[in-house]
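# The amino acid sequence is not available; the structure is as follows:
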């Protein structure tokens, strides 16, 4: 279709609306000499390659954004008023606020509170088309992408904001036993396993079997692992304590395993130590300098030779760039991130940008890689969108494109919550913890949620939970035949 083929010439006439282009198949539709002249000029202009080397429709270059995460969404928002056609492609139909995904897994929030349909976000943007599809490959020289559905889309600019995926360090078979936390389906599966373990324990008579059901292992003590372990501990010791009759839910074991010498390794040593104390006060067993050697449905084998019997394992240990990045034939880090120039473009391909967690860029202020956190992804997305918009405006007005500036990351600080009134915060060189950090964490996360409905619903659910320790999203969807006598 013409809407996906920017290199085809077409007659166009710009209407009085800035972002609306009305196609005119025949010039005799014009009612005045001035309109006719404008139609002819626009038609000839669409056949002339511009200075940047693309021959798209004169007033509607095509921009393809891959990924509907923080970077992709913010890039499209920044392109408002660019007089371009934008195609946003994501394998899911929703934008997910991933920092709160663990709260879906631990029954604190429902999935609809932290997700929003991408089409709804851009419903009023007539310049934006949304495709629920998966990009299989990118052709840098042709500036085209191939989709799983068989479509091939050409573009004047490509923005890759595909994010990261979980990796199991060469042990992909572990994924069956230890789900990671990257999608809503992952969170619901973890929640199902956690709640089902308590239900199974209520039916058991053997103490060893019950102990295995009530042992929960979280692998990786980064922010996700720490928050997950703390939420599991609070659930078992507070929320569920009066709901089961045959055992004490506070006997449940929550084990956090970390291969390095402290939790939250990217935080300061003081924050790491405070987080460890908070976890242990909640009853979490923290195992540092410990690696996982093997696992199955029954247990986890550790590097010290110990074998921990468990029914629920959560993987929060490793991530790498999405495999789509390899099709760019560009330099990548060991973790699969794409090494980009200081303007976030791919070297030798100035019209292809990489933004978000999948981009490897050095911050000139700290001389260190920009961290893979939500604020960084948001800043990258806005930076790329504004850079493309400036170049399009210059080209449309027959002016030389402005020199591209270097991306500079503005560190907004780091926040991690461990439980009720327990959190650590590092802002502007200052470190604090406890209730002030917990309150700040809540405010910041509500602010970054998309949509007023999600913000209001999240605030109400959190308020109710804070007062009553109630986590009502503990429904386990089942089918009736699962309980029928198979005989």
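Cool, the structure landed. All of these numbers come straight from a predicted model, not from anything done at the bench.
# if I pick residue 425, what's in contact with it?
Counting by CB atoms under 8 Å, 6 or more residues apart in numbering, residue 425 touches 271, 413, 414, 415, 431, 432, 433, 436, 437, 440, 441. Heads up, the C-betas are built off the backbone N, CA and C, glycines and all.
# Near residue 323, how many other residues are there?
By other CB atoms under 10 Å, 11 other residues sit near residue 323.
# Need the pLDDT of it.
On the pLDDT scale, residue 323 is placed at 86.
# Could you check how far it is from residue 335?
Counting by CB to CB, to the nearest Å, the separation of residue 323 from residue 335 is 12 Å.
# what about the lengthiest helix in the chain, average pLDDT?
Identified as the longest helix of the chain according to DSSP state H is helix 374-396. Helix 374-396 carries an average pLDDT of 95.
# Now find how far off-centre the very next helix or strand once past it is within its chain.
Sequence-wise, the next helix or strand downstream of helix 374-396 (DSSP states H and E) is strand 414-419. The chain centre lies 18 Å from the centre of strand 414-419; the measure is CA atoms, centre = their mean, to the nearest Å.
# hmm, back to that, show me what the longest helix of the chain is packed up against.
Applying 3 or more CB pairs under 8 Å, 6 or more residues apart in numbering; DSSP states H and E, we find helix 374-396 packed against helix 70-78, strand 157-160, strand 349-354.
# out of those, deepest packed?
A comparison of the helices and strands packed on helix 374-396 by mean neighbour count, using mean count of other CB atoms under 10 Å, puts strand 157-160 on top with a mean of 29.
# What strands flank that one, and is each parallel or antiparallel?
Next to strand 157-160 in the sheet, as set by DSSP bridges, lie strand 62-66 (parallel), strand 349-354 (parallel).
# Could you tell me the angle between the longest one and helix 374-396?
Spelled out, that is strand 349-354. Using axes from the mean of the first three to the mean of the last three CA atoms, to 10 degrees, one finds that strand 349-354 and helix 374-396 are set 150 degrees apart in direction.
# For the very next helix or strand once past strand 349-354, give me every contacting residue.
Using DSSP H and E, the helix or strand that follows strand 349-354 in sequence is strand 359-360. With contacts defined as CB under 8 Å, 6+ apart, strand 359-360 is touched by 332, 333, 337, 338, 339, 340, 344, 369, 370, 380.
# got it, and stretch 323-339?
66, 135-140, 160, 162, 164-165, 319-322, 346-347, 349, 352, 354, 357-360.
# give me that answer again for 7 Å
If you take CB atoms under 7 Å, 6 or more residues apart in numbering as the criterion, stretch 323-339 is touched by 135, 137-138, 140, 160, 162, 320-321, 346-347, 354, 358-360.
# would a markdown table of those with distance to residue 281 be doable?
Shown next, in a markdown table, are those (distance: CB to CB, whole Å):
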| residue | distance to residue 281 |
| --- | --- |
| 135 | 46 |
| 137 | 50 |
| 138 | 49 |
| 140 | 52 |
| 160 | 43 |
| 162 | 39 |
| 320 | 34 |
| 321 | 37 |
| 346 | 48 |
| 347 | 49 |
| 354 | 42 |
| 358 | 37 |
| 359 | 38 |
| 360 | 38 |
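# among those, who's most crowded?
residue 160 (32 neighbours).
# Pull the contacting residues for that residue.
Applying CB under 7 Å, 6+ apart, we find residue 160 in contact with 66, 325, 354, 358.
# for the second one, helix, strand, or coil?
Three states are possible here, and by DSSP: H, G, I helix; E, B strand; the rest coil the one that applies to residue 325 is helix.
# What count of nearby residues applies to it?
Number of residues near residue 325 (other CB under 10 Å) recorded here: 22.
# can I assume residue 341 is in contact with residue 347?
Yes: between residue 341 and residue 347 there is a contact under CB atoms under 7 Å: 5.7 Å.
# now the helices for this protein?
33-46, 70-78, 101-105, 118-121, 184-203, 207-213, 223-234, 269-281, 374-396, 435-448, 452-468.
# Throw the ones you listed into TSV and include distance to residue 263, thanks.
What follows is those, written out as TSV (distance: least, CB to CB, whole Å):
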stretch	distance to residue 263
helix 33-46	58
helix 70-78	25
helix 101-105	15
helix 118-121	34
helix 184-203	20
helix 207-213	25
helix 223-234	6
helix 269-281	5
helix 374-396	20
helix 435-448	15
helix 452-468	24
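# Relative to residue 309, which of the ones you listed is closest?
Closest approach to residue 309 among these (CB to CB): helix 207-213, 4.2 Å.
# outside of the closest one, which residues touch it?
Residues outside helix 207-213 that contact it (CB under 7 Å, 6+ apart) are 197, 200, 201, 204, 247, 309, 310, 311.
# How about stretch 100-120?
Residues from elsewhere that reach stretch 100-120, judged by CB under 7 Å, 6+ apart: 68, 88, 90, 93-97, 130, 181, 184, 187, 190-191, 224, 227-228, 231-232, 235, 445, 449-451, 454, 457-458, 461, 465, 471, 473-474.
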